[in-house]
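Undergrad: Below: sequence and its predicted model.
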Amino acid sequence: MSQRVSDEAETKAMGEITSGASSRRHGDSLPKIHKVGSPPKQTLLQEIKHSVVETFFPDKPLHQFKDQTAFRIFILGLQSLFPIFEWGKDYNLKKFRGDFISGLTIASLCIPQDIAYAKLANLEPQYALYTSFVAPLVYAFMGSSRDIAIGPVAVVSLLLGTTLTDEISDFKSHDYLRLAFTATFFAGVTQMALGVLRLGFLIDFLSHAAIVGFMAGAAITIALQQLKGLFGIKDFTKKTDIVSVMRSVFKSAHHGWNWETLVIGLAFLAFLLVTKYIAKKNKKLFWVAAISPMISVIVSTFFVFITRADKKGVAIVRHVKQGVNPSSASEIFFSGKYLGPGIRIGVIAGMVALTEAVAIGRTFAAMKDYALDGNKEMMAMGAMNIVGSLTSCYVATGSFSRSAVNYMAGCKTAVSNIVMSMVLLLTLLLITPLFKYTPNAVLASIIIAAVLGLVNIEAIILLWKIDKFDFVACIGALFGVVFKSVEIGLLIAVAISFAKILLQVTRPRTAVLGKLPGTTVYRNVQQYPKATQINGMLIVRVDSAIYFSNSNYIKERILRWLTDEEAQRVTSGLSRIDYLTVEMSPVIDIDTSGIHAFEELYKSLQKRKVQLILANPGPIVIEKFCASKLTDLIGEDKIFLTVADAVSTFGPKGEGEV
């Protein structure tokens, strides 16, 4: 008869017990068997407080304010809201030199890109330039990334262009412009709300695989849209799917293509791709690719001006409004029929922009080994888009191409964004009239060259090698964007990401464990074929928390393991299974449904004359087992700290391994 000795210390922490039956079986050399300890009992208020803190404040944002004076708290609060006041204290001329060069470099890249991206959003070119003037200034004061370059980006511009035209087909109307400002305002509100309420974890629900596919699909769609400018087609479809676009291109092949436009576009596209190739092969020559768009604009504009190619059918920009941003506060729809669409479009654009910015920021922060505060990023993004919506800007975010150039140019802080902003200010005041003769074909070639980098073939191949489900998510998002629309592709990306989560939660992995020879370590017999199972005992590991969504599946899967193993062992002439041990190390939590599932499992095993044994339940799990009296049902002497302890107590001698 097994007897356990306990004292008062055992009820508080990890105690020790010995088994008389086990001692008789194995001799005096048997090590002491440790009892599973229960954590200190917490009140309901303590449990709620712990859950809230871990969900919303895992980074302890108020820790720095502890035991500080009122003035110091004010300074720390100011630095927390405006990080520039923190790193600005150590700013010097050496850092400014790097930021100045970086700012000039990304400005030379962003000006031609902005003019091109505005066309994706169906807006006049100056609105993109306005955005690259205001948004980087706000971000420089509030953002926590040193490397990210702010401005309009291709994906968000296309997303706005397609969603806005769904509501107002006439993109030259004033209501279309007002709806763009409205969407920008609510994009900023969405981003700031996520930061204030510390809900940044929501953007993590869009998996990396889905983002790769969505970005690749968006890049292909954007490139296809540029065929209008590249071929000089006047009558072009407003749809974005590949079938409609290619049908529109080939329909106009006999009469709608302009050969002068095509020559200009292809020539400068080849030039841009060659400079990108040079920069990729030699990282020190990154500036070649950075300034090539501006060189393309200058050379093509001069060429069109002296030849007057615009009179031969070459489409040109014609007009970019000169001057700084006018106020647009009164243009935002706060009521009426366009308020709802403005909110919906803003939320979608804001989430996509935020996801892209955080991904870019984390990438470069990891490369330079500094911390990126996700909530500060959301606050900064939200603030700059709210301010932007009031000053004739549309949705801005971090640009990967510009951020990469900013990084390689040697930026030190966010001052590079300020420098870029000042260059944009001078451009708006002095240079915009010079863009009048810039051919649309060159802008199309700039966009195509820029978005090709978003099609990450290597990442897609890696997804196939690592996780087939991730690959399906990637391809689903890609095809959704390319064959239907940006919104459908985004919806597919989100749906597949959630489907993966649900599948992993509802169908967790389970494994049969065996003992590694010469050790007391038990591992998956499929991963370690030399691991031997214990005669008369089946050891199963559950690799997930146990909730209402998977508890019934886990119970049935364990019973199925038992049935299959019993049949296999009987066929092999081995003894029947008397003990089922469930290894619970990976089970981080369990709910009421999980408790009921274990009660039903216990009853099913009793009918089969099989004893249930538990090994290493975690603190939350054992606490809930005790509260539900499940420990009394199973028996405290059937709950062990390790599988080895369970085997040494109830398993046969060494010769009993299967």
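TA: Thanks, I have the structure now. None of the values given here were measured: they were computed from a predicted structure.
Undergrad: how about the strands of this protein, start to end?
TA: Ranges of strands in the chain, per DSSP state E, are 16-17, 33-34, 149-151, 397-399, 510-515, 522-524, 537-542, 579-583, 611-615, 639-640.
Undergrad: what packs against the fifth one?
TA: The helices and strands touching strand 510-515, judged by 3 or more C-beta pairs under 8 Å, 6 or more residues apart in numbering; DSSP states H and E, are strand 522-524, strand 537-542, helix 551-571. Where C-beta positions appear, they are placed from N, C-alpha and C, glycine not excepted.
Undergrad: circling back: redo the strands of the chain as a markdown table? Include mean neighbour count.
TA: Shown next, in a markdown table, are the strands of the chain (neighbours: other C-beta atoms under 10 Å):
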| stretch | mean neighbour count |
| --- | --- |
| strand 16-17 | 16 |
| strand 33-34 | 16 |
| strand 149-151 | 32 |
| strand 397-399 | 29 |
| strand 510-515 | 21 |
| strand 522-524 | 19 |
| strand 537-542 | 23 |
| strand 579-583 | 23 |
| strand 611-615 | 23 |
| strand 639-640 | 23 |
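Undergrad: The helices and strands packed on strand 510-515: which one's closest to residue 193?
TA: Closest approach to residue 193 among these is made by helix 551-571 (35.0 Å; C-beta to C-beta).
Undergrad: Does anything pack onto the closest one? Which helices or strands?
TA: Here helix 551-571 is seen to pack against strand 510-515, strand 537-542, strand 579-583, helix 592-607 when contacts are counted using 3+ C-beta pairs under 8 Å, 6+ apart.
Undergrad: can you give me the helices in the stretch 51-200 of the chain?
TA: Along the stretch 51-200 of the chain, the stretches classed as helices by DSSP state H, counting those that start in this stretch are 70-81, 84-87, 93-120, 125-142, 154-167, 174-196.
Undergrad: okay, these, which one's buried deepest?
TA: Ranked by average neighbour count under the criterion mean count of other C-beta atoms under 10 Å, the helices of the stretch 51-200 of the chain are headed by helix 125-142 at a mean of 26.
Undergrad: got the angle between that one and helix 154-167?
TA: Computed with axes from the mean of the first three to the mean of the last three C-alpha atoms, to 10 degrees, the direction of helix 125-142 lies at 130 degrees from that of helix 154-167.
Undergrad: any idea how far helix 125-142 is from the chain center?
TA: Computed by C-alpha atoms, centre = their mean, to the nearest Å, the chain-centroid distance of helix 125-142 equals 24 Å.
Undergrad: So what's the gap between stretch 159-172 and the chain middle?
TA: With C-alpha atoms, centre = their mean as the basis, stretch 159-172 stands 27 Å off its chain's centre.
Undergrad: what does it contact?
TA: Contacts with stretch 159-172, where a contact means C-beta atoms under 8 Å, 6 or more residues apart in numbering, come from 120-123, 175-176, 179-180, 183, 218, 238, 240, 338, 341, 345, 348-349, 352, 394-395, 485-487, 490.
Undergrad: which regions of this protein sit below the pLDDT cut-off?
TA: For the chain, the stretches with pLDDT under 70 are 1-34, 37-40, 42, 44, 47, 50, 53-62, 653-658.
Undergrad: how about a markdown table for the strands of the chain, with distance to residue 224 added?
TA: Compiled in a markdown table, the strands of the chain are given as follows (distance: least, C-beta to C-beta, whole Å):
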| stretch | distance to residue 224 |
| --- | --- |
| strand 16-17 | 71 |
| strand 33-34 | 65 |
| strand 149-151 | 23 |
| strand 397-399 | 21 |
| strand 510-515 | 46 |
| strand 522-524 | 47 |
| strand 537-542 | 48 |
| strand 579-583 | 53 |
| strand 611-615 | 58 |
| strand 639-640 | 62 |
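Undergrad: between those strands, which gets nearest to residue 245?
TA: The stretch from the strands of the chain with the least distance to residue 245 (C-beta to C-beta) is strand 397-399; that distance is 24.4 Å.
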